[in-house]
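**Q** Predicted model, plus sequence, below.
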Amino acid sequence: MTVQDFPITRTVLDLLPADGEWTEAEYYFFSERGGIVELSNGRLEIGPMPTEFHQLLIMRLSTALYLFVLQSKLGHVRVAPLPVRLWPGKIREPDIVFMSAEHTDRIGKYWGVPDLAVEIVSEDDPKRDRVTKVEEYASAGILEYWIIDPETKTVDVPRLSDDGVYQTTAHLGEKDTLTSPTFPGFQYALADLFAPA
């Protein structure tokens, strides 16, 4: 069966903007109803349901980062779903985001450009997290981007250079410890991150 087999469904779909014609107002109306929905070049990108391990990685890292940031009074940590507006017409929902205390003016109903974005590489489209978002997050000026690959159990840490492009400052495996100049004193053993549930 196809969508065309259901006239009522087809009618509802006809009410939606065509591919490539979505606006921010329409995006927000749709995304506020729940789920990971991103806006890119006038198109809605609806991500797959995260796997259980994906969710576990987000919970473990965001909890450790949140407690460190809270104790050190460095700013704010949040998890998806949370729309982050990179520039007009480009809205992403990183798995974890950090906004420094000095940039809290970028936080309103939706977040502006954060200081850190973290993505767990999705099985459905690894290129989106490893290539597309690397380019977008660098263009937006996100200082640091952590790319966590649950399949290879690695973490890549691109950091924005003075010329506005990411330079990978670390490629870490299960036996390594995640640190960052963004969070002086923060240490997180990746063996704990990638441990079985």
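**A** Here it is on my side, so go on. Numbering: from 1, shown residues only.
**Q** name the element A191 belongs to?
**A** When elements are assigned from DSSP states H and E, A191 belongs to helix 190-193.
**Q** what does that helix rub up against?
**A** Outside helix 190-193, the residues that touch it by CB atoms under 8 Å, 6 or more residues apart in numbering are 57, 60-61, 148, 153, 155, 172-178. No exception for glycine: its C-beta is placed from N, CA and C like everyone else's.
**Q** And the average pLDDT for that helix is what?
**A** Taken as a whole, helix 190-193 has a mean pLDDT of 98.
**Q** buried set for that helix?
**A** Buried residues in helix 190-193, counted by 16 or more other CB atoms under 10 Å: 190, 193.
**Q** Please apply the same query to stretch 160-171.
**A** So for stretch 160-171, counting by 16+ other CB under 10 Å, buried means 160, 166.
**Q** and what of stretch 71-82?
**A** Of the residues in stretch 71-82, those scored as buried under the neighbour-count criterion (16+ other CB under 10 Å) are 74-80, 82.
**Q** thinking again about what came up before, in strands, which of the contacts of helix 190-193 fall?
**A** Cross-referencing the contacts of helix 190-193 with the strands (criterion: DSSP state E) gives 148, 155, 172, 177-178 as the overlap.
**Q** Export those to CSV and append columns for neighbour count.
**A** Conversion of those to CSV gives the following (neighbours: other CB atoms under 10 Å):
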residue, neighbour count
I148, 25
V155, 23
L172, 19
T177, 12
L178, 21
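**Q** Could I get those in JSON lines, plus columns for distance to T132?
**A** Listed next are the ones in strands among the contacts of helix 190-193 as JSON lines, based on distance: CB to CB, whole Å:
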{"residue": "I148", "distance to T132": "16"}
{"residue": "V155", "distance to T132": "19"}
{"residue": "L172", "distance to T132": "22"}
{"residue": "T177", "distance to T132": "28"}
{"residue": "L178", "distance to T132": "23"}
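**Q** Can you say which two of the residues you listed are spatially most distant?
**A** Looking at those by CB to CB, the two members farthest from one another are I148 and T177, with 14.2 Å of separation.
**Q** Longest helix of the protein, counting residues only.
**A** With DSSP state H setting the assignment, residue counts place helix 52-72 as the longest helix in the chain.
**Q** what's near enough to touch the residue nearest in space to the middle of the chain?
**A** By CA atoms, centre = their mean, the chain has its centre lying nearest to P94, at 1.0 Å. With contacts taken as CB under 8 Å, 6+ apart, P94 has the following neighbours: 80, 84, 114, 117-119.
**Q** Dig out what E38 forms beta bridges with.
**A** E38 has these beta-bridge partners by DSSP bridges: E45.
**Q** quick one on the thing from earlier: other SSEs contacting the longest helix of the chain?
**A** Applying 3 or more CB pairs under 8 Å, 6 or more residues apart in numbering; DSSP states H and E, one finds that helix 52-72 contacts strand 75-79, strand 96-100, strand 116-120, strand 188-189, helix 190-193.
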